[in-house]
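> I need the structure of the sequence given here:
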Amino acid sequence: MWKSIVDFGYIIELGEGKPGFLLDTLRLFCGQTQKLMEEYQLAVAESWDPKAMEVMAHGLKSGFGLVHVDGALPLLEAMEKNARQHHDEELARVQWESFQGIWERAKEDIRAFQTQLADMDVSAKVEHPKFS
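Residues are numbered from 1 along each chain as shown. This is a model prediction of the structure:
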């Protein structure tokens, strides 16, 4: 059986298991994450702007505190720290590539969960996502 790298427990608890709340929260999370990632990509790959990288890594941490993804928070903290203190361009690129890999895998898990939620009766309560 395939294991998700995303722990939906916190948002399930926040939303009291309501599919509509969970879908809206995940839609917002994915949209905001994608926007910040596009901005981070510009800052790391095109303009090399450590201050912007620090701000965006910090912003990404907020969302990943709500939607727990294995490995994301420690990596974002390291990205933020590197941008703030070290300005190591090679390390920033390696960290960025690692984070992109985590995000791609997380998006698959989120899409699978969103599909399950969309198929549920709106009055149903979510306890734990089932993946197969």
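
> all strands of the chain, in order?
Taking DSSP state E, the strands of the chain run over residues 6-7, 68-69.

> switch these over to a markdown table; also include mean neighbour count.
(Each C-beta comes from the backbone N, C-alpha and C, glycine too.) Shown next, in a markdown table, are these (neighbours: other Cβ atoms under 10 Å):
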| stretch | mean neighbour count |
| --- | --- |
| strand 6-7 | 19 |
| strand 68-69 | 20 |
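
> would CSV of those strands with mean pLDDT be doable?
Listed next are the strands of the chain as CSV, based on pLDDT from 0 to 100:
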stretch, mean pLDDT
strand 6-7, 94
strand 68-69, 95
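
> how far away is the closest residue in space to Ser98 that isn't next to it in sequence from Ser4?
Distances taken as Cβ to Cβ, 6 or more residues apart in numbering put Leu75 closest to Ser98, at 6.0 Å, once the chain neighbours are dropped. For Leu75, the distance to Ser4 (Cβ to Cβ, to the nearest Å) stands at 18 Å.

> Pro19 too?
17 Å.

> what about those two, which has more around it?
For Pro19 versus Ser4, neighbours defined as other Cβ atoms under 10 Å are more numerous around Pro19 (21 against 18).

> so how far is Glu54 from the more buried one?
The gap separating Pro19 from Glu54 is 36 Å, by Cβ to Cβ.

> please apply the same query to Gly65.
Counting by Cβ to Cβ - Gly65 and Glu54 are separated by 17 Å.

> look at those two and report which has more neighbours.
Neighbours were counted for Gly65 and for Glu54 using other Cβ under 10 Å; Glu54 has more, 19 against 12.
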